[in-house]
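[1] Predicted model, plus sequence, below.
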Amino acid sequence: MLRGFWLLLGWCALALGAIGVVLPVLPTTPFVILAAFGFSKGSPRMHSYLENHRTFGPMIADWRMHGAIAPRYKAIAVIMMTAALSGSIIAGLRPQLIAIQALCMIGAATYVLSRPNGPRN
């Protein structure tokens, strides 16, 4: 039963990460890292696939070894968060919603930017 929970977590996180590739509201890297964690407990085969993936493997390795996010991914995350917030402003969302969104994005951006760059700079 617990294995099923980890497997479900891995698949849900991977799906959110895939959606994050095309939607600026969702960051891809944290969801891929979470998926790798879930799969490490629930599916050794999927965990191995992610670790050896050409795109996702280096992200996971940097995070595991150094708690690091490469500068390129940091920049992409901040740019996408800024674009999403700008889109909300342009769309004319209520100021309260924009304020909540801005606070959440400031927190997320602060966390992402505070991580080390890692050895791959």
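    Alright, I've got the coordinates. Residues are numbered from 1 along each chain as shown.
[2] What's the local residue count around I90?
    8 (other CB atoms under 10 Å). (C-beta placed from N, C-alpha, C; glycine too.)
[3] which residues in this protein form helices?
    2-22, 28-42, 44-52, 56-66, 71-91, 95-114 (DSSP state H).
[4] So what's the model's average confidence on the second one?
    So that's helix 28-42. Averaging pLDDT along helix 28-42 yields 90.
[5] Give me the angle between it and helix 56-66.
    Compare the direction of helix 28-42 with that of helix 56-66 by axes from the mean of the first three to the mean of the last three CA atoms, to 10 degrees and you get 80 degrees.
[6] Can you give me the buried ones in helix 28-42?
    By neighbour count, and taking 16 or more other CB atoms under 10 Å as the criterion, the buried residues in helix 28-42 are 28-40, 42.
[7] cool, and the third one?
    Neighbour-count burial for helix 44-52, counted by 16+ other CB under 10 Å, picks out 46-47, 50-51.
[8] ok, and what's touching it?
    With contacts defined as CB atoms under 8 Å, 6 or more residues apart in numbering, helix 44-52 is touched by 10, 14, 32, 35-36, 39-40, 56-57, 60-61.
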